[in-house]
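1. sharing a sequence plus its predicted fold:
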Amino acid sequence: MNKEDYIKLVNEKLCGNTKKLLLNQIERYYDALNNYKPKSSNYKVGDLVKLDKGTLLHGTYKNIGGLEKIAKEGLICDLIVEGRKSKYPLTVGVWNLKKDYYLKDYIDFYSGGTVRFVYDDKKSTEVIPYSKMNTFLDYIKEKDPFRWEMEETKEARFLPSYEQENVQIGIIFNGNNIYVKELLKGDILSNSISDIDVKPFVGEWYYERFLKDRKAKDDFFTDRESAIIFGLPSCFIEGILVGRKYEMDATMLKRIKTLLPNCYICNLDGKVIF
């Protein structure tokens, strides 16, 4: 589908502010696609990857098939292009880095767990990195909560991680340019879109809870993610993070490099491998 096809579909199926917001995002999307000039990576094999604040990442559960589709067509939202249903329809989900990271440290961070501590009069949340999990019970004794509960981080479910091998592809987007900043004006997880206007972009079953959680983010409803209306063009892809299975598959690595020749490929150690 091209720009005109998307505009026609939105005009036929949507109305009011929902239609207006989507049409605005389509304009921003194609402005970026037509004007952004990506740069080739300067990384060499063995280099540690550093991710700047504002970098965006997306994991695809379809792995190489998903990457091929995104590289060709862009990362486009559900309900306009077929895909897995989301609690945030008409948007695409990305992880939005809030500080500079070496990739190896970011992977260590999100491969750990998210914990909620419950005390008599308050609650608090925290992410425990993978490298500190072996001392976690000692840490619990220091915190001395009334009750605690832990689950894997959201990133660990949807990006290549130490915890699972289902996701073998993570896509790294350059987020430090004027075009992405414009697209992020359509991020429904920010508070820039009103409660009324955001409603069509949230599953009906989740809407009331969403309104509360969006205004009081913690490490479970994180400030580390964005849900961008319509989509994100593939021209912003600067690197591909692969899991251990793909890392050991020379044919797969060549396939990825052929698909995205100007992008680096890196592994779970945070190092460039191709």
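-> It's in.
2. what helix or strand does the residue nearest in space to the middle of the chain sit in?
-> The structure's the chain has its C-alpha centroid closest to Val94; by C-alpha atoms, centre = their mean the separation is 2.1 Å. Assessed by DSSP states H and E, Val94 sits inside strand 91-96.
3. which SSE is immediately downstream of that strand?
-> For strand 91-96, the following helix or strand on the C-terminal side (DSSP H and E) is strand 101-102.
4. picking up where we left off before, the residue nearest to the centre of the chain and Asn267: what is the separation?
-> Computed as C-beta to C-beta, to the nearest Å, the Val94 to Asn267 distance reads 21 Å. (C-beta placed from N, C-alpha, C; glycine too.)
5. helix/strand/coil for the residue lying farthest from the centre of the chain?
-> Taking C-alpha atoms, centre = their mean, the residue of the chain most remote from its mean C-alpha position is Asp120, at 34.9 Å. Of the three states, Asp120 takes coil according to DSSP: H, G, I helix; E, B strand; the rest coil.
6. residue ranges of the helices in the chain, please?
-> 3-13, 16-35, 64-73, 103-110, 136-143, 154-158, 178-183, 195-198, 207-215, 244-247, 250-259 (DSSP state H).
7. would you list those in TSV and tack on distance to Phe236 and mean neighbour count?
-> Shown next, in TSV, are these (distance: least, C-beta to C-beta, whole Å; neighbours: other C-beta atoms under 10 Å):
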stretch	distance to Phe236	mean neighbour count
helix 3-13	17	14
helix 16-35	7	17
helix 64-73	11	17
helix 103-110	17	22
helix 136-143	36	10
helix 154-158	18	20
helix 178-183	6	18
helix 195-198	24	15
helix 207-215	25	14
helix 244-247	21	17
helix 250-259	15	14
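8. Ser226 is nearest to which of those?
-> Nearest to Ser226 among the helices of the chain is helix 178-183 (9.3 Å), distances taken as C-beta to C-beta.
9. which outside residues touch that closest one?
-> 25, 28-29, 31-32, 35-36, 54, 56, 173-174, 228, 232, 236 (C-beta atoms under 8 Å, 6 or more residues apart in numbering).
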